[in-house]
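Peer 1: The following block contains a protein sequence and its predicted model.
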Amino acid sequence: MIAEELLPWYDRHARELPWRLSPRQKRANPEILFADPYRVWLSEIMLQQTTVATVKGYYEKFLTSWPTVQDLAKEELDSVLSAWAGLGYYARARNLHKCAKVIAEELGGVFPDTEEALLKLPGVGPYTAAAIAAIAFGRSAVVVDGNVERVIARYYALEDPLPGVKSEMKKFAQKETPIDRAGDYAQAMMDLGATICTPRSPGCVICPIQVVCLARKSGIAEALPKKAPKKEKPTRRAYAYLLLSEKRGALLRRRPEKGLLGGMTEVPTGNWIEQGDAERNPEFEQLAQWAKLDGIVKHTFTHFHFEITVLTTKLSQDLDVVAEAVQGKWAHKSEFAGLALPTVMKKILRHADYM
């Protein structure tokens, strides 16, 4: 089994990560068996679709602001979204806050310790439930992320492309998951995929499981896992309406709670059009005379590209009336750091030289 060779390697070479109880820490504190479930949960939610290097700073910021799940549950959603800004996939932040409330208010601050119970929490899917169960509670749960998929695909030389081969990968991953030290094994597989069994130029010569890796024996390790051709991303277009006041700053508003960038702060925009040119919004057009900035702002989301034409205007009167019409609030540059401004909105403000 993979664990027989991998766990001794992990004991020597495990990455030191702020949310992890490493083998070195366990040796120093043998009475502590598992990592804090709050820290594991917080890190796993942040690590979805995001690199370790990016997450570290956000994780430490969150832990400093909200050391316990009860602290996070008591916080206003706007503050959580503001702290999350720039990390992307903002539904994670909304579910994080919702989940904290469930744990603090309905479960007495205690995390469930089984996959089945964890799956009932907001924002917790099969991978996250398995990771928390294994790492925080020592359950023999099958943890399969992108790193684990790559290791399994190469170890068993699975040549069918993703995503179709995922179910087969899961069966082999289940076969390899040990009963004892399941959490360490899961983290060891992640470390192996992140540091040695990398997507390009894998370090097969120093891999602890190289002797029985079928892809290495066949010389096809770097070609696996294969992926089905990606569909070309569509492009959506929109106008952004940046209202400015010398006294009050920029007029911003909160996006609807549901949907893309839900609950985040935005420069007001018109409809996001996928076919054809962007459409100007009559409701905004009647508020002022607008000047179009040269160039466009480009941003890429998971499923589409986004191109924004920025219109600006300066107002000196009727500021409250306009704010009410737009359902927005005025904010000075000095206040931007405390707002939940996603990256695309920061790009719009920078394009207008207003950030």
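Peer 2: Right, received. Where do you want to start?

Peer 1: Give the full set of residues in contact with residue 82.
Peer 2: 338, 339, 340 (CB atoms under 8 Å, 6 or more residues apart in numbering). For glycine as for every other residue, the C-beta is placed from the backbone atoms N, C-alpha and C.

Peer 1: Now do the helices for the stretch 151-300 of the chain: every range, in order, please.
Peer 2: 166-176, 182-195, 214-218, 282-285 (DSSP state H, counting those that start in this stretch).

Peer 1: Stretch 280-300: how far from the chain's middle?
Peer 2: Centroid displacement of stretch 280-300 relative to its chain, using CA atoms, centre = their mean, to the nearest Å, is 30 Å.

Peer 1: Stretch 27-38 too?
Peer 2: The answer for stretch 27-38 is 26 Å, by CA atoms, centre = their mean.

Peer 1: just stretch 248-263 next, same as before
Peer 2: Here the centre of stretch 248-263 is set off from its chain's centre by 20 Å, with CA atoms, centre = their mean.

Peer 1: That one: end-to-end distance?
Peer 2: This stretch, stretch 248-263, spans 22 Å end to end (CA to CA, to the nearest Å).

Peer 1: neighbour-wise, which of the contacts of residue 82 leads?
Peer 2: Highest neighbour count within the contacts of residue 82, by other CB atoms under 10 Å: residue 340, with 24 neighbours.

Peer 1: Name the nearest residue to that residue, ignoring sequence neighbours.
Peer 2: Leaving aside its sequence neighbours, residue 340 sits nearest to residue 81 (CB to CB, 6 or more residues apart in numbering; 3.5 Å).

Peer 1: wait, residue 304 sits on residue 232?
Peer 2: No. The criterion here is CB atoms under 8 Å, and residue 304 misses it with residue 232 at 10.2 Å.

Peer 1: Looking only at neighbour counts, state which of those two leads.
Peer 2: residue 304 (14 against 7).

Peer 1: Give me the residue ranges of this protein where confidence is low.
Peer 2: By pLDDT under 70, the chain has no low-scoring segment.

Peer 1: domain parsing for it?
Peer 2: For the chain, automatic domain parsing gives the domain ranges 2-223, 235-351.

Peer 1: all strands for the stretch 101-250 of the chain, in order.
Peer 2: Using DSSP state E, counting those that start in this stretch, the strands of the stretch 101-250 of the chain run over 235-245, 249-254.

Peer 1: and if you look at the stretch 251-355 of the chain?
Peer 2: Ranges of strands within the stretch 251-355 of the chain are 265-266, 291-292, 297-300, 305-315, 328-331, based on DSSP E, counting those that start in this stretch.

Peer 1: what's the most buried one of the ones you listed?
Peer 2: Among the strands of the stretch 251-355 of the chain, strand 265-266 has the highest mean neighbour count (mean count of other CB atoms under 10 Å), at a mean of 21.

Peer 1: Give me the sheet partners of that strand and which way each runs.
Peer 2: strand 249-254 (antiparallel) (DSSP bridges).

Peer 1: Now that residue 319 has come up, it's in contact with residue 244, right?
Peer 2: No. The criterion here is CB under 8 Å, and residue 319 misses it with residue 244 at 10.6 Å.

Peer 1: What is the burial count for residue 88?
Peer 2: If you count neighbours by other CB under 10 Å, residue 88 ends up with 18.

Peer 1: From residue 323, how far off is it?
Peer 2: Residue 88 sits 28 Å away from residue 323, going by CB to CB, to the nearest Å.

Peer 1: Next: residue 270.
Peer 2: 18 Å.

Peer 1: Check the contact between residue 331 and residue 249; I expect there is one.
Peer 2: Yes. Shown here, residue 331 and residue 249 form a contact pair, counting by CB under 8 Å, at 5.0 Å.

Peer 1: Now render the helices of the stretch 151-300 of the chain as TSV, adding distance to residue 56 and mean neighbour count.
Peer 2: Below are the helices of the stretch 151-300 of the chain laid out as TSV (distance: least, CB to CB, whole Å; neighbours: other CB atoms under 10 Å):
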stretch	distance to residue 56	mean neighbour count
helix 166-176	27	15
helix 182-195	13	23
helix 214-218	31	17
helix 282-285	40	14
